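Novice: Quick one, structure for this:
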Amino acid sequence: MNALIFDIETIPDTDFGRRLYDIEKLDDEAVGRIMFFKQRQARQTEFLPLVQHKIVAISVILRSRDDLHLFSLGDVEAPEKEIIQRFFEGLERYSPELVSWNGSGFDLPVLQYRSLLHGINAERYWETGETDRNFRYNNYLSRFHWRHLDLMDVLAGFQMGGRGSLDQVATLLGFPGKLGMSGDQVWGQYLAGDLPAIRDYCETDVLNTYLIYLRFQLIRGIFSETQLEAELDRVVNKLEQSDSPHLKEYLRAWKKTSHGG
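Specialist: Model (predicted):
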């Protein structure tokens, strides 16, 4: 089966915020500030409800039988609807195993709300066996099916108290983890007009998730030690062939560890 490892980056949906709080005349920065303030008042956190998020980047690794590709969907100026469409078109084309870190709790619900907003056809994603019997007992929607593997949930035994952060688990395993940016900086980067930096950050998160996934394939008996090393070498080779500075930086950080080749 093809595997699609994915991650999304989001910002406040300021258009929604304007309607929600009747603040039509304010700019994005001011509206975002109010949205965060309202959430802090209500929940003592600035992390917005999922329905208030807008997607600005989706990055993926597609591991097919013969190759591995790392990329962000759409070009840097692509509208949200287009990059979400591309994501679900990939599911339609490849029917991959989806792999995420906290995809069940964040990425997929946000994708669902945004596809609802934009009226995006995601027929394959919503399939539960009515038209394809192969999806009856293994689909993207059931928490305990393997067609979507949320590594954070699975490794924590589906226990809230057992969850680790992507950065800490990657670092635990000798992988680079976060490199100079974190999710709470995405809004600031967006306001500064630096969408490329957001996409770069999203791609390194996908790399961390993929490398954890490869190690997970070892402990569940899918890979032997030899197969794992071959897959890690494949990633190293892809990074060595890249001209992207953020991927070169990731490779340098990885090679400082015993797992980097």
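Novice: can we go C-alpha only for contacts and neighbour counts from here?
Specialist: Fine.
Novice: Now do the buried residues in stretch 31-51.
Specialist: For stretch 31-51, burial by neighbour count (16 or more other Cα atoms under 10 Å) applies to Val31, Gly32, Ile34, Met35, Phe36, Phe37, Lys38, Glu46, Leu48, Leu50.
Novice: correct me, but the first one touches Phe16?
Specialist: No - taking Cα atoms under 8 Å as the definition, Val31 is not a contact partner of Phe16, at 9.6 Å.
Novice: Tell me which residues touch the closest residue to Phe16 other than its chain neighbours, please.
Specialist: Once flanking residues are discounted, Phe16 sits nearest to Gln52: 7.0 Å by Cα to Cα, 6 or more residues apart in numbering. Contacts of Gln52 were listed using Cα atoms under 8 Å, 6 or more residues apart in numbering, and they are Pro12, Asp13, Phe16, Gly17.
Novice: Return the distance of Gln52 relative to Ile198.
Specialist: Noted for Gln52: a distance of 19 Å to Ile198, by Cα to Cα, to the nearest Å.
Novice: Ok, Tyr190 next?
Specialist: Shown here: Tyr190 relative to Ile198, a distance of 8 Å by Cα to Cα.
Novice: With neighbour numbers in mind, choose between the two.
Specialist: Each of Tyr190 and Ile198 had its neighbours counted (other Cα atoms under 10 Å), and the higher figure belongs to Ile198 (26 against 17).
Novice: Quickly find the element holding the more buried one.
Specialist: When elements are defined using DSSP states H and E, Ile198 is found to belong to helix 195-219.
Novice: which strands and helices sit next to that helix?
Specialist: strand 3-12, strand 53-63, strand 68-72, strand 97-100, helix 166-172, helix 186-191, helix 225-241, helix 245-255 (3 or more Cα pairs under 8 Å, 6 or more residues apart in numbering; DSSP states H and E).
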